[in-house]
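# task: produce atomic coordinates for the following.
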Amino acid sequence: MLGKVLVAVGIFIVGIGLALQYAPWLVNWFGRLPGDINLTRDGTRVFIPITSMILLSIALTIVLNFFFRR
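Residues are numbered from 1 along each chain as shown. Below is the predicted model:
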């Protein structure tokens, strides 16, 4: 069981890496959604990606349920 999870995680990481390398426009939306907080004052930047993290959490929940519900 652990081997299957590690293989799935590895494939996922390779897929993300390929998307970032060859198709960056697929992930440019991340961190720029309505609800993501970006504060910049006097050379200090605070970035809180609330909406992006909610979407990422939902996507990972769906993927992990697919693997563990079998």
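
# around Ile48, how many other residues sit close by?
13 (other CB atoms under 10 Å). The C-beta positions use only the backbone N, C-alpha and C, and glycine is treated the same way.

# so what's it up against?
Contacts for Ile48 were tallied using CB atoms under 8 Å, 6 or more residues apart in numbering; they are 36-38.

# closest to Pro49 out of those residues?
Taking CB to CB as the measure, Asp36 is the one of the contacts of Ile48 closest to Pro49, at 4.7 Å.

# isn't that closest one right next to Ile50, touching?
Yes. At 6.2 Å, Asp36 counts as touching Ile50 under the criterion of CB atoms under 8 Å.

# more neighbours: the two, which one.
Comparing Asp36 with Ile50 by other CB under 10 Å, the one with more neighbours is Asp36, at 15 against 12.

# for the more buried one, phi and psi?
Backbone geometry at Asp36, expressed as degrees, to the nearest 10, gives phi -80, psi 130.

# do the one 10 residues further on as well
Listed backbone geometry of Val46 is phi -120, psi 120, with angles given as degrees, to the nearest 10.

# quick one, longest helix in this structure?
helix 2-22 (DSSP state H).

# dump it to PDB, restricted to CA.
Below are the C-alpha coordinates for helix 2-22, written out as PDB (Å, rounded to 0.1, in the frame of the first residue of the first chain):
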ATOM      1  CA  LEU A   2       2.800   2.500   0.900                       C
ATOM      2  CA  GLY A   3       4.600   1.700  -2.300                       C
ATOM      3  CA  LYS A   4       1.500   2.600  -4.400                       C
ATOM      4  CA  VAL A   5       1.100   5.900  -2.500                       C
ATOM      5  CA  LEU A   6       4.800   6.800  -3.100                       C
ATOM      6  CA  VAL A   7       4.500   6.000  -6.800                       C
ATOM      7  CA  ALA A   8       1.400   8.100  -7.100                       C
ATOM      8  CA  VAL A   9       3.000  11.000  -5.200                       C
ATOM      9  CA  GLY A  10       6.100  10.700  -7.400                       C
ATOM     10  CA  ILE A  11       4.000  10.800 -10.600                       C
ATOM     11  CA  PHE A  12       2.100  13.800  -9.300                       C
ATOM     12  CA  ILE A  13       5.300  15.700  -8.500                       C
ATOM     13  CA  VAL A  14       6.700  14.900 -12.000                       C
ATOM     14  CA  GLY A  15       3.500  16.000 -13.600                       C
ATOM     15  CA  ILE A  16       3.600  19.300 -11.700                       C
ATOM     16  CA  GLY A  17       7.300  19.800 -12.600                       C
ATOM     17  CA  LEU A  18       6.500  19.200 -16.300                       C
ATOM     18  CA  ALA A  19       3.600  21.600 -16.200                       C
ATOM     19  CA  LEU A  20       5.800  24.300 -14.600                       C
ATOM     20  CA  GLN A  21       8.600  23.700 -17.100                       C
ATOM     21  CA  TYR A  22       6.700  23.400 -20.400                       C
END
